[in-house]
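1. no sequence for this one, just the structure:
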């Protein structure tokens, strides 16, 4: 089974995860990844691959700058806090709740603060495939929900610091794109080292893990350890929550590639996330959750709205089927497939957006083909496609968005574009 294992002995941050995962790609795929990242349409954002070292260990650091500026956090020694009261490091948290008066504060006077609606518009405008876009929105939604919980306000009142926003969107998009390109059948991780001590944020000095991070780490095994400093960020925690299916020791794994994603801080131990890509032994099948409910008092439009909400939140699939209920009432069976870590969130959305009084949950194991995102050069131009292999099967299918665009632009049918992709692969 194609498996990614993430070793989080020194925590997890978005840039460290992106750095480690990018090293699992082939050189050609890595070049394509960085080209995509530097053409996302994020204003002023530049993404670079840098060689890095920690405790004598060589690795890679993916640097994300916004108009030449890089986001950093500042760990705090409370014993010397008075001496550093006027330090001007970038604030730790990417989000905060504010009133109109806070906009006029000198510290925020030269910064724009983006709302969640603006973030959604930003992500919707990025030239990535729909599954990546859905993953980005779902991860960023988790971050916003965590910040809203920490500040005790609705998500709609959360606003994001401009530099931190673009930095976080780039980190999240990078990891989501890499997961799509690497297409693992399962993602596993070690328990997460969160660090200890205190960190400076936009509101002052907070304990480690910061409240938003602690909220996101619910349900995930983590520990404080002896390292003084913030090791796990909200972005890192949200990405782990989104993609990791199980936390624990590494299973027997025939590693094919290893990536070291280095952090910027220096500690007594090598500051990195280590990622392994390989084949896991055993017959353990990946698991998903199937949520379903019967609906006999909703319109088709209302059911369709709920379906779109679930898909936008990151459901793997949502579908309906006609059923007959008691007293001969025609009804709809609404089913949502999601990752195990998403089940509570998806069940809550079903209860909120439908009239059902209960949601059934079934844990399923599934057989899946290994998937790989590729770009195929055809006589009509480059087309993104998905290759599927395993169980004696090897096939390729053009991504609908690319196929539809080329068909419209060149007056072709979808089948002509799809056949062109298949012909190009056989050459």
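-> Nice, I can see it. None of these values were measured; they are calculated from a predicted model. Residues are numbered from 1 along each chain as shown.
2. what residues sit buried inside the helix or strand where residue 138 lies?
-> Secondary structure assignment for residue 138, by DSSP states H and E: helix 130-151. Within helix 130-151, the residues that count as buried by 16 or more other CB atoms under 10 Å are 131-148, 150-151. From N, CA and C alone the C-beta is placed, and that goes for glycine too.
3. what do you get for stretch 413-427?
-> Buried-residue list, stretch 413-427, by 16+ other CB under 10 Å: 417-418, 420-421, 424.
4. got it, and stretch 319-335?
-> Along stretch 319-335, the positions that meet the burial threshold by neighbour count (16+ other CB under 10 Å) are 331-332, 334-335.
5. in strands, which of the residues you listed fall?
-> Of the positions in the buried residues of stretch 319-335, 331-332, 334-335 sit in strands, assigned by DSSP state E.
6. relative to residue 229, which of the residues you listed is nearest.
-> Within the set of those, residue 335 lies nearest residue 229; the separation is 44.7 Å, counting by CB to CB.
7. wouldn't the closest one be in contact with residue 321 here?
-> Yes. In this structure, residue 335 is within contact of residue 321 by CB atoms under 8 Å, at 7.4 Å.
8. which parts of the stretch 301-427 of the chain are helices?
-> Counting by DSSP state H, counting those that start in this stretch, residue ranges of the helices within the stretch 301-427 of the chain are 343-353, 400-410, 414-426.
9. looks to me like residue 42 is in a helix.
-> No. If the criterion is DSSP: H, G, I helix; E, B strand; the rest coil, then residue 42 is coil and not within a helix.
10. who touches it in this structure?
-> Contacts for residue 42 (CB atoms under 8 Å, 6 or more residues apart in numbering) come out as 122, 126, 166, 169-170.
11. next: residue 281.
-> Going by CB under 8 Å, 6+ apart, the list of residues near residue 281 reads 251-254.
12. ok, the residues you listed vs residue 56, which is closest?
-> For the contacts of residue 281, the minimum distance to residue 56 (CB to CB) is 24.9 Å, reached by residue 253.
13. let me know the pLDDT of the closest one.
-> Predicted confidence (pLDDT) for residue 253: 90.
14. I'd assumed residue 276 was in contact with it.
-> Yes. Using CB under 8 Å as the test, residue 253 is close enough to residue 276 to be in contact (6.1 Å).
15. and the two? Which one has more around it.
-> Taking other CB atoms under 10 Å, residue 253 and residue 276 do not tie; residue 276 has more neighbours (21 against 17).
16. which SS class is the more buried one?
-> From three-state DSSP, the assignment for residue 276 is strand.
17. any weak-confidence spans in the stretch 251-400 of the chain?
-> Of all residues in the stretch 251-400 of the chain, those with pLDDT under 70 make up the ranges 282-284.
18. circling back to that earlier point, would JSON lines of the helices of the stretch 301-427 of the chain with distance to residue 197 be doable?
-> Below are those laid out as JSON lines (distance: least, CB to CB, whole Å):
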{"stretch": "helix 343-353", "distance to residue 197": "31"}
{"stretch": "helix 400-410", "distance to residue 197": "46"}
{"stretch": "helix 414-426", "distance to residue 197": "53"}
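19. do a quick rundown of the helices in the stretch 51-200 of the chain.
-> Counting by DSSP H, counting those that start in this stretch, the stretch 51-200 of the chain has these helices, from start to end: 100-103, 116-124, 130-151, 162-182.
20. who does residue 324 bridge with?
-> In this structure, residue 324 has beta-bridge partners residue 330, where bridges are defined by DSSP bridges.
21. export the ones in strands among the buried residues of stretch 319-335 as TSV, with columns for distance to residue 68.
-> What follows is those, written out as TSV (distance: CB to CB, whole Å):
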residue	distance to residue 68
331	58
332	53
334	49
335	49
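22. tell me which of these is nearest to residue 367?
-> Looking at those and their distance to residue 367, the nearest is residue 335, at 18.7 Å (CB to CB).
23. what's near enough to touch that closest one?
-> Neighbours of residue 335 in contact, by CB under 8 Å, 6+ apart: 290-292, 318-321.
24. also residue 239?
-> Under the criterion of CB under 8 Å, 6+ apart, the contact list for residue 239 reads 12, 14, 17, 139, 172, 175.
25. and the gap between the residue of the chain positioned farthest from its centre and residue 296?
-> Relative to the centre of the chain, the most outlying C-alpha is that of residue 327, 45.0 Å out, by CA atoms, centre = their mean. For residue 327, the distance to residue 296 under the criterion CB to CB, to the nearest Å works out to 9 Å.
26. for the residue nearest to residue 418 when sequence neighbours are not counted, give the beta-bridge partners.
-> Closest residue to residue 418 in three dimensions, ignoring its sequence neighbours and counting by CB to CB, 6 or more residues apart in numbering: residue 398, at 4.9 Å. Beta-bridge partners recorded for residue 398 (DSSP bridges): residue 385.
27. tell me the bridge partners for the residue lying closest to residue 224 once chain neighbours are set aside.
-> Counting by CB to CB, 6+ apart, residue 224 lies nearest to residue 196, which is 4.5 Å off, once chain neighbours are set aside. The residues listed as beta-bridge partners of residue 196 by DSSP bridges are residue 228, residue 229.
28. show me the contacts for residue 196.
-> By CB under 8 Å, 6+ apart, the contact set of residue 196 is 208, 224-229.
29. repeat that with 10 Å
-> The contact partners of residue 196, taken as CB atoms under 10 Å, 6 or more residues apart in numbering, are 75, 207-209, 223-231.
30. and if you look at residue 382?
-> Counting by CB under 10 Å, 6+ apart, residue 382 touches 375-376, 402, 406, 424.
31. got a ChimeraX select line for the buried ones in those residues?
-> Applying 16+ other CB under 10 Å to the contacts of residue 382, the buried members can be selected in ChimeraX as follows:
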select :376,402,406,424
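32. please enumerate the strands of the stretch 151-300 of the chain.
-> In the stretch 151-300 of the chain, strands defined by DSSP state E, counting those that start in this stretch lie at 158-161, 186-189, 192-193, 195-196, 198-201, 204-207, 222-223, 229-230, 246-247, 253-262, 272-280, 287-295, listed in chain order.
33. so how far is the longest one off the chain centroid?
-> Same thing as strand 253-262. For strand 253-262, the distance from its own C-alpha centre to the chain's C-alpha centre is 20 Å (CA atoms, centre = their mean, to the nearest Å).
34. what comes up buried for that strand?
-> Buried residues in strand 253-262, counted by 16+ other CB under 10 Å: 253, 258-262.
35. repeat that for stretch 30-45.
-> Under 16+ other CB under 10 Å, the buried positions of stretch 30-45 are 30, 32-34, 36-37, 40, 42, 45.
36. I appreciate the help and will end here.
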